[in-house]
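Colleague: Coordinates for the following, if possible.
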Amino acid sequence: MHDQSEAKPRVKTDPPRDETITAVNRGATFQTSLDDEPNHAILRYPGFAKQVFEVTTVSQYKNQSGSSKHPSSSWRSVLRLNDEWHSGFASVQRLLDHLQLHRSGSLKSATNYCYRLATLCRDCGLDPDQLAKLGRDKIEGIVQRHCDGIIRKGMSKQYARIVMACLKTFFACNGFNRENSRELRLKGYYLPSRTDTSEYVPTLKEALTMADRAGSKRNRAIILTLVTSGLRNTAVRALKVGHVLAEPRGKRPLLIKVEPKWNDRISGACKGSIPYYTFAAEVASDAIESMLRERKSIFGPLSSEEPLFASNYNQLPRTERPMKSLSAKVLLVIVKKAAKAADIEKWKNVCVKTMRKVFETALRNPLADGTQMDHKDQEFLMGHILPGSQENYYDRTKVERLRELYSKVVFEDTSHQQKMTLEVTRSIAKALGLDVSKICAIRVQELGRPLTSQEEEELLEQEIKTSQQKPSEQQKPVHMSELDEYLQSGWTFVANLPDGRVLMSKKRCSGEHTCDN
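Modeller: Below you'll find the model as predicted:
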């Protein structure tokens with residue numbers, strides 16, 4: 001059970017995955033895993049890997065000019081970060097204070113802002129304070145060239161816009177803002193209202209096939225958890241064994257509480273530090289239990305502090321693997337490999353986020369009882385803040401109410417059942433003498449588009465109901481085992497149905513009710 005992908009470094013200059021960065025924080029030391037380095041750009045844009053900085057000791061950063069020309073300087077050392085919220089540069093400290101006090105205070109967001117600023121400093125050879133002291137014209141030229149260069153290197157305009165927005169925020173915090181009429185005048189990048197993200201969202205059937213062909217019990221549990229809980233990439237990696245064991249044994253569906261303290265484990269695990277809870281369906285819960293039984297048989301007793309989905313990185317000592325969390329890149333590789341194994345044509349465009357969208361689609365589909373989940377409940381289970389005053393009035397305290405509601409979400413492939421139901425409805429309509437093709441053609445002409453299977457079924461059911469109100473006889477589908485009983489009661493055989501039942505008819509007595517013996 002080894003992930004070959006985990007044994008490969010992200011780029012040639014990367015150190016082993018278990019290496020850490022040690023920094024000084026007011027006399028105390030802390031360690032930051034390499035997984036904390038932003039790598040979304042590397043994953044989306046292969047050419048961006050060339051810009052990744054090699055890792056070194058932050059406290060050993062000696063270049064007082066702040067220049068990042070030294071080949072071994074990390075992006076954190078470029079900004080002289082003592083910890084996540086403190087920098088040796090006054091200009092960077094203003095940015096961090098702004099993000100912490102006046103924005104969401106998200107550590108993940110602060111990391112992304114700093115990473116993009118460090119990339120600019122590396123590109124122009126100036127430290128943040130030197131940049132902030134330049135004239136507006138020079139700053140505009142540097143930032144514009146940097147963002148234009150991002151596109152020339154093969155990255156998207158969308159990413160260039162994000163980088164430009166982050167850099168404008170940095171300079172706004174250092175006096176180049178609208179209030180003093182010194183806001184940077186930069187040329188943006190046109191994007192249509194709907195851009196092609198080259199993203200493919202699997203159907204529920206495809207997602208379940210991915211789980212079945214994921215290659216291991218751990219990977220199967222990961223795919224099913226993603227599909228049935230809607231957890232984000234960082235939240236899935238922050239899950240601990242204790243989060244599962246906290247629920248009473250056999251309690252289904254499994255409750256998963258996403259809390260701000262998860263950010264201490266993996267940055268951004270609780271996005272925006274917004275607490276919420278979701279659930280994992282029974283099929284996912286069973287897969288998790290099976291995975292944990294297998295891990296226990298291999299590595300011994302489980303600790304509640306172990307990551308639920310641990311690394312199988314074969315360069316780590318066997319005893320350390322259960323305590324190593326998955327990296328974002330390895331999780332992405334697991335999803336893509338499962339998509340490829342499931343014979344999804346666009347498997348390269350399947351990612352962790354698209355699995356979250358499978359969950360969203362399941363929430364929006366009709367529930368098992370035919371009803372629809374309230375929009376507020378859908379948004380809460382997705383971890384979203386409700387708009388306006390709705391957030392203040394939404395009752396999130398009734399966990400069991402949401403558990404019961406969630407249990408009605410359909411995480412099974414019902415396409416075959418829907419097809420059979422439609423065939424039965426068509427057969428009944430034809431047996432009643434209805435012209436199915438003509439009825440559907442009229443509705444298609446009215447709508448100006450083909451009918452969905454559900455729309456066709458509803459249309460035919462309505463026509464069948466209408467036709468049964470007019471004639472003087474009633475028709476009824478019955479099981480073969482009931483055929484003799486109905487024949488003895490005066491019913492007449494009409495036709496065989498695709499599902500094995502038969503259609504019977506009987507003349508009505510006076511009034512609207514059928515005369516039964």
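
Colleague: so where do the helices sit in the stretch 301-450 of the chain?
Modeller: Under the criterion DSSP state H, counting those that start in this stretch, the stretch 301-450 of the chain contains helices at 328-341, 352-364, 375-381, 390-393, 399-406, 415-431, 436-447.

Colleague: Could I get the ones you listed in TSV, plus columns for mean neighbour count and mean pLDDT?
Modeller: Heads up, the C-betas are built off the backbone N, CA and C, glycines and all. Shown next, in TSV, are these (neighbours: other CB atoms under 10 Å; pLDDT from 0 to 100):
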stretch	mean neighbour count	mean pLDDT
helix 328-341	21	94
helix 352-364	19	94
helix 375-381	18	94
helix 390-393	11	89
helix 399-406	15	94
helix 415-431	15	75
helix 436-447	12	85
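
Colleague: looking at the ones you listed, which is closest to Ile142?
Modeller: helix 328-341 (30.3 Å; CB to CB).

Colleague: What is the closest one packed up against?
Modeller: helix 40-44, helix 204-212, helix 217-229, helix 233-238, helix 352-364 (3 or more CB pairs under 8 Å, 6 or more residues apart in numbering; DSSP states H and E).

Colleague: Save the helices of the stretch 301-450 of the chain as JSON lines, and put in distance to Arg94 too.
Modeller: Listed next are the helices of the stretch 301-450 of the chain as JSON lines, based on distance: least, CB to CB, whole Å:
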{"stretch": "helix 328-341", "distance to Arg94": "29"}
{"stretch": "helix 352-364", "distance to Arg94": "32"}
{"stretch": "helix 375-381", "distance to Arg94": "35"}
{"stretch": "helix 390-393", "distance to Arg94": "30"}
{"stretch": "helix 399-406", "distance to Arg94": "42"}
{"stretch": "helix 415-431", "distance to Arg94": "56"}
{"stretch": "helix 436-447", "distance to Arg94": "57"}
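
Colleague: rewinding a little: compare the mean pLDDT across the helices and strands packed on helix 328-341 and name the weakest.
Modeller: Ranked by mean pLDDT, the helices and strands packed on helix 328-341 end with helix 40-44 at the bottom, a mean of 37.

Colleague: any idea which helix or strand comes after it?
Modeller: Sequence-wise, the next helix or strand downstream of helix 40-44 (DSSP states H and E) is helix 75-78.

Colleague: Does anything pack onto the following helix or strand past that next one? Which helices or strands?
Modeller: Counting by DSSP H and E, the next helix or strand C-terminal to helix 75-78 is strand 81-83. If you count contacts as 3+ CB pairs under 8 Å, 6+ apart, strand 81-83 packs onto strand 20-25.

Colleague: and stretch 88-99, which residues are buried?
Modeller: Gly88, Phe89, Ser91, Val92, Gln93, Arg94, Leu95, Leu96, His98, Leu99 (16 or more other CB atoms under 10 Å).

Colleague: okay, that stretch in PDB with CA atoms only?
Modeller: What follows is stretch 88-99 as a C-alpha-only set of coordinates in PDB (Å, rounded to 0.1, in the frame of the first residue of the first chain):
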ATOM      1  CA  GLY A  88      10.600  42.100  10.000                       C
ATOM      2  CA  PHE A  89       9.400  44.500   7.200                       C
ATOM      3  CA  ALA A  90       7.100  47.300   8.300                       C
ATOM      4  CA  SER A  91       5.300  47.300   4.900                       C
ATOM      5  CA  VAL A  92       4.600  43.500   5.200                       C
ATOM      6  CA  GLN A  93       3.400  44.000   8.800                       C
ATOM      7  CA  ARG A  94       0.900  46.600   7.600                       C
ATOM      8  CA  LEU A  95      -0.500  44.000   5.200                       C
ATOM      9  CA  LEU A  96      -0.700  41.300   7.800                       C
ATOM     10  CA  ASP A  97      -2.400  43.600  10.300                       C
ATOM     11  CA  HIS A  98      -4.900  44.600   7.600                       C
ATOM     12  CA  LEU A  99      -5.700  40.900   6.800                       C
END
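
Colleague: What's the mean pLDDT across it?
Modeller: 95.

Colleague: Any chance you could list what contacts it?
Modeller: 66, 79-82, 85-87, 105-106, 109-110, 113-114, 117, 127-129, 131-132, 169-170, 173-174 (CB atoms under 8 Å, 6 or more residues apart in numbering).

Colleague: try 6 Å this time
Modeller: Leu79, Arg80, Trp85, Ser87, Ala110, Pro128, Asp129, Ala132, Phe170, Cys173, Asn174 (CB atoms under 6 Å, 6 or more residues apart in numbering).
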